[in-house]
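>>> any chance you could fold what I've pasted below:
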Amino acid sequence: MRRWLAAALALALIASVHAAAADVTAQGQPDGHAPGWIIHTQAPAGWTADCCTYARAIGVNLVICRGEWTGEPDRVMVLNVWPRKLASLEAELDADRKHYLERDPAAKVARFALRQRDMPCQAQVFEGTDHVDDAVVFCDLGKASGIRLSWSVSFKDADPQRAALLDAFMRVVVATTYQRQSAPRR
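Modelled structure (predicted):
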């Protein structure tokens, strides 16, 4: 009976977390050859999304943090969208890996699988010598979009909530969709 009750409570908790997720949107105007864009996802229950105040202050398109913004990067999901420049998604990952290892040559890098039904994505985790890990996912929205995006999150390597945080992060990434922004009517 006790096992059944624990399982039922766990299922109820999971259902309430998914039911309370919030729609999140970030938008970008046309940039060079890239048309305007809209990115949608679902913020986990209890997390705050910001595209305008905190995100702009740190030069990104969207941040999702648990509770209120503290200014610290720990446990903050970050969306970056940029005009497509490198030839492939693999080139984006290679450039990011090279940049990270230049800053921390002893860091460990591991790739992990990601299933995102709407766009090809590749993921990697950096285990830094500073005992902070960074999970980064790069996605290719197709040549016609003119853009690529990345999601990232940082957390202490000894964080007891690491598994739950990575699970929440992956749900945000997998829920991400792209929409081309229509030209404004005149």
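
>>> for stretch 43-59, buried residues please.
Neighbour counts over stretch 43-59 (16 or more other C-beta atoms under 10 Å) mark Ala43, Pro44, Trp47, Ala49, Asp50, Cys51, Tyr54, Ala55 as buried. Heads up, the C-betas are built off the backbone N, CA and C, glycines and all.

>>> what about it, average pLDDT?
Throughout stretch 43-59, pLDDT has a mean value of 90.

>>> same deal with stretch 176-184?
Averaged over stretch 176-184, pLDDT sits at 82.

>>> same check on stretch 155-162?
Mean pLDDT, computed over stretch 155-162, is 88.

>>> kindly report the same for stretch 100-120.
The model assigns stretch 100-120 a mean pLDDT of 91.

>>> dump it to CSV, restricted to CA.
This file holds the C-alpha atoms of stretch 100-120, laid out as CSV (Å, rounded to 0.1, in the frame of the first residue of the first chain):
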residue,chain,number,x,y,z
TYR,A,100,35.4,26.5,-23.9
LEU,A,101,38.6,24.4,-23.9
GLU,A,102,40.7,27.5,-24.6
ARG,A,103,39.3,29.0,-21.3
ASP,A,104,39.5,25.7,-19.4
PRO,A,105,41.9,23.2,-21.2
ALA,A,106,41.5,20.5,-18.5
ALA,A,107,37.7,20.5,-18.8
LYS,A,108,35.9,17.3,-19.9
VAL,A,109,33.4,17.4,-22.8
ALA,A,110,30.8,14.8,-23.4
ARG,A,111,28.0,14.7,-26.0
PHE,A,112,24.6,13.4,-25.2
ALA,A,113,21.6,12.3,-27.3
LEU,A,114,18.7,14.7,-27.8
ARG,A,115,15.4,14.0,-29.6
GLN,A,116,13.9,17.2,-30.8
ARG,A,117,11.1,16.4,-33.4
ASP,A,118,11.0,19.8,-35.1
MET,A,119,14.7,20.5,-35.8
PRO,A,120,18.1,18.8,-35.7
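
>>> show me which positions of it end up buried.
Across stretch 100-120, burial judged by 16+ other C-beta under 10 Å covers Tyr100, Asp104, Ala107, Val109, Leu114, Gln116, Met119.

>>> list the contacts for His40?
Contact partners of His40, counting by C-beta atoms under 8 Å, 6 or more residues apart in numbering, are Asp23, Val24, Thr25, Ala175, Thr176, Thr177, Gln179.

>>> now swap in Leu149 and tell me
Counted by C-beta under 8 Å, 6+ apart, Leu149 has contacts Ile39, Leu79, Asn80, Val81, Trp82, Phe138, Cys139, Leu141, Thr176, Tyr178.

>>> having no further points to raise, I will conclude here.
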